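In: I would like to see how this sequence folds:
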Amino acid sequence: LGQIRQVACGAHHTLAVAGGNLFAWGAATLNGRHRSSNTPGKPLGPCKYIAASATHSTYVDAKFNVKSFGTNDHGELGVDETIDSKGIVEVNLADPLDCLSLSCGDHFSLALIEGLRPDNLHRTRGEDKKAAEEYANQQAAELLHTLEPSATATTNSTTQVSSTTEQPQTSTTKTVEREPEKPPQKQGVWKEVLDPKSGKPYYYHTITRQTRWKRPTDGLPIVKKHMPRS
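Out: I've put the predicted structure just below:
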């Protein structure tokens, strides 16, 4: 095996996480299979973390769910002890939770849980990242709205000046009318603000009130305005 990240041993079986997959060998049932084996063989599935006792094992799969195999005389696999569990079973957590770490005793198992998940049980990590970015952008916009109360007033005053611009008077002689020169548009600047929660900078446009995490490349000035730490 290569790229081994973790190894755990029981009384008659051994587990290893290699290349993001779970490998097990040893006595039947204790190795997650119906037959004994003295070599790792094929992986049992994707795995992030493992734990083993003398007679049972648990692991966290790629979706942060808990699975287990081995003896279940006292319900240590996380399912009813009356269930014939000679293979891998998924632990019946009461709520859709993320498991981060595990530990096994002789006749019990422990799981460290992250918390309630907002979506379905088998969501993808990419969806989590997108939801976190959307939430961070929303929080940043609300924060900057309180920090920049003059941004709205500046925009309104610009609109009023444009609407009250006098139109050129018409002449009785035939002349070529030229359109009045428009006042230069205020392009505004980007302000770099330090997010107090993540410590990462984000950028806020003083005219459009646009917020973004990626540094702007439109040529407008960028002014640093870090929030004071509380």
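In: use CA for all of it now, contacts and neighbours both
Out: Will do.
In: Validate this expectation: residue 35 resides in a helix.
Out: No. Residue 35: not assigned to a helix; according to DSSP: H, G, I helix; E, B strand; the rest coil it is coil.
In: That one: neighbouring residues, count only.
Out: Residue 35 has 12 neighbouring residues, counting by other C-alpha atoms under 10 Å.
In: One more: residue 43?
Out: 15.
In: Spatially nearest residue to it (excluding sequence neighbours)?
Out: Spatial nearest neighbour of residue 43, excluding adjacent residues (C-alpha to C-alpha, 6 or more residues apart in numbering): residue 23 at 4.8 Å.
In: how about the strands in this protein?
Out: For the chain, the strands defined by DSSP state E cover 4-9, 13-18, 21-26, 45-46, 49-52, 56-60, 66-70, 89-90, 97-104, 109-116, 190-194, 201-205, 211-212, 222-224.
In: Reformat those strands as JSON lines; add distance to residue 32, mean neighbour count and mean pLDDT.
Out: Converted to JSON lines, the strands of the chain look like this (distance: least, C-alpha to C-alpha, whole Å; neighbours: other C-alpha atoms under 10 Å; pLDDT from 0 to 100):
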{"stretch": "strand 4-9", "distance to residue 32": "13", "mean neighbour count": "15", "mean pLDDT": "90"}
{"stretch": "strand 13-18", "distance to residue 32": "10", "mean neighbour count": "23", "mean pLDDT": "92"}
{"stretch": "strand 21-26", "distance to residue 32": "7", "mean neighbour count": "23", "mean pLDDT": "91"}
{"stretch": "strand 45-46", "distance to residue 32": "11", "mean neighbour count": "15", "mean pLDDT": "90"}
{"stretch": "strand 49-52", "distance to residue 32": "12", "mean neighbour count": "25", "mean pLDDT": "91"}
{"stretch": "strand 56-60", "distance to residue 32": "9", "mean neighbour count": "28", "mean pLDDT": "90"}
{"stretch": "strand 66-70", "distance to residue 32": "6", "mean neighbour count": "25", "mean pLDDT": "88"}
{"stretch": "strand 89-90", "distance to residue 32": "9", "mean neighbour count": "17", "mean pLDDT": "85"}
{"stretch": "strand 97-104", "distance to residue 32": "16", "mean neighbour count": "19", "mean pLDDT": "79"}
{"stretch": "strand 109-116", "distance to residue 32": "17", "mean neighbour count": "14", "mean pLDDT": "74"}
{"stretch": "strand 190-194", "distance to residue 32": "50", "mean neighbour count": "21", "mean pLDDT": "85"}
{"stretch": "strand 201-205", "distance to residue 32": "48", "mean neighbour count": "22", "mean pLDDT": "84"}
{"stretch": "strand 211-212", "distance to residue 32": "48", "mean neighbour count": "18", "mean pLDDT": "86"}
{"stretch": "strand 222-224", "distance to residue 32": "57", "mean neighbour count": "14", "mean pLDDT": "82"}
